[in-house]
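[1] attaching a predicted model along with its sequence, questions to come.
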Amino acid sequence: MRWLSFYRSAPDRGLGSSYNQATFGYVVSAEQSDDGQEGVVDVGARSDFTTLREAIAANALESLVDQCGDQPDLPLDGLHFAPTITDPKKILCVGLNYKAHQEETGRGGEGVPTVFVRFAAAQMGHGEPMVRPRESASLDFEGEIAMIIGRGGRRIARDKAMDHVAGFGIYNDGSVREYQRQTSQFTPGKNFANTGGFGPWMMTKDEIGELSQMTITTRLNGEVMQHATADLLVHGFDELIEFCSTFIELEAGDVIVTGTPGGVGAARTPPVFMDQGDEIEVQVQPIGTLKNPVVNDVHG
């Protein structure tokens, strides 16, 4: 099943990262739909839940499908996507989690995951612009697999970790390298507004199959920049849950962004950064493709 968040109408760009118009639902295949087209069931309109995170926390996804049925309210084509989880309590990002990325940066290899945080206000959905800030021309791409927590817990054992996962999505951890590298604490470079692409949806584990064979490919204007499979993660999905739940209680709807492969723009000669008019896409097989146009920030 593919679960997503979306806007019933286009949000007011002047409000910035405002999610109060967002709803959520799931994708209905063309074979299921009476009109023969892929569509979306608006679960937010048909239930007492207002966000996907709330439905995950209530362990209600299966019952909501039974309740809401398989006839879509909206066509998938032309949908205005919100970040898959609009209101996560935590977004924990893992750095340096592919060997090739460690080698190209000269960092990592300490034996434990490198973890930093992102804020929900820095996210945008599939199809929404990724914004290069006025303060720097060093906006870089980082295609990643996102893991969405389905059941919370503290000090979760590794052999039980995957029981706590609702599904997986796609993330582009857009990074303003100049600000990331100003100090050893690189939170600012990872949290400029509208730099964290998250979408188009969450695919539940049962539809993915063998998790280690998920394939991630990042393309800039159609050119492949990154490519790897999940079995190349230095710290696997279960280890990340075990580690993160050691220092903080994980909650349903939390997002763990699991790391980017080698090939980032900053490590290339010459460096390749994103600019107005570019299109960046991150494909994770079998989940789908996250696409975002790149624009320059013109706001004050």
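    Structure received.
[2] nearest residue to A230 other than its sequence neighbours?
    M214 (4.3 Å; Cβ to Cβ, 6 or more residues apart in numbering). (C-beta placed from N, C-alpha, C; glycine too.)
[3] tally of neighbours for that neighbour?
    22 (other Cβ atoms under 10 Å).
[4] enumerate every residue touching it.
    By Cβ atoms under 8 Å, 6 or more residues apart in numbering, M214 lies in contact with I145, F168, I208, T229, A230, V284, Q285, P286, I287.
[5] among the residues you listed, the buried ones, what's the ChimeraX command?
    Restricted to buried positions by 16 or more other Cβ atoms under 10 Å, the ChimeraX selection for the contacts of M214 reads:
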select :145,168,208,230,284,287
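[6] and of the contacts of M214, the nearest to S29?
    When these are compared for distance to S29 (Cβ to Cβ), P286 wins out at 13.9 Å.
[7] from H126, how far out is the closest one?
    16 Å (Cβ to Cβ, to the nearest Å).
[8] for K291, same thing?
    K291 is 6 Å from H126, where distance means Cβ to Cβ.
[9] which parts of the stretch 101-250 of the chain are helices?
    177-180, 205-208, 237-247 (DSSP state H, counting those that start in this stretch).
[10] nearest to N296, of those helices?
    N296 sits nearest to helix 177-180 of all the helices of the stretch 101-250 of the chain, at 15.1 Å, using Cβ to Cβ.
[11] put the alpha carbons of the closest one into CSV.
    What follows is helix 177-180, C-alpha atoms only, in CSV (Å, rounded to 0.1, in the frame of the first residue of the first chain):
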residue,chain,number,x,y,z
ARG,A,177,27.5,22.8,2.0
GLU,A,178,28.9,26.3,2.8
TYR,A,179,26.8,26.5,5.9
GLN,A,180,27.2,22.8,6.8
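[12] pLDDT of that helix, averaged?
    Here helix 177-180 scores 96 as its mean pLDDT.
[13] quick check: domain ranges of this structure?
    Split into domains by automatic domain parsing, the chain comes to 1-81, 83-296.
[14] hmm, I208 is touching V284, no?
    No: counting by Cβ atoms under 8 Å, I208 stays clear of V284, with 9.4 Å between them.
[15] what's the overlap in contacts for these two?
    Jointly contacting I208 and V284 under the rule Cβ under 8 Å, 6+ apart are F168, M214.
[16] now do the buried residues in stretch 275-286.
    Judged by neighbour count using 16+ other Cβ under 10 Å, the buried positions of stretch 275-286 are D278, I280, E281, V282, Q283, V284.
[17] could you do stretch 167-186 as well?
    Result for stretch 167-186 [16+ other Cβ under 10 Å]: buried residues 167-180, 186.
[18] for that stretch, measure first residue to last.
    28 Å (Cα to Cα, to the nearest Å).
[19] cool, and stretch 198-207?
    So stretch 198-207: terminal residues 19 Å apart, Cα to Cα.
[20] got the buried residues for it?
    Neighbour-count burial for stretch 198-207 [16+ other Cβ under 10 Å]: F198, G199, P200, W201, M202, M203, T204.
[21] residues contacting the worst-scoring helix or strand of the chain on mean pLDDT, please?
    Least confident helix or strand of the chain, by mean pLDDT, DSSP states H and E, is helix 99-105 with a mean of 92. Outside helix 99-105, the residues within contact range by Cβ under 8 Å, 6+ apart are 96, 108-109, 228, 232, 234, 259-264, 267.
[22] farthest-apart pair in these, please.
    G109 and G263 (18.5 Å).
[23] coming back round to it: right, so of the helices of the stretch 101-250 of the chain, which gets closest to A157?
    helix 237-247 (6.7 Å).
[24] return the set of buried residues in the next helix or strand after that closest one.
    Using DSSP states H and E, the helix or strand that follows helix 237-247 towards the C-terminus is strand 255-257. For strand 255-257, burial by neighbour count (16+ other Cβ under 10 Å) applies to V255, I256, V257.
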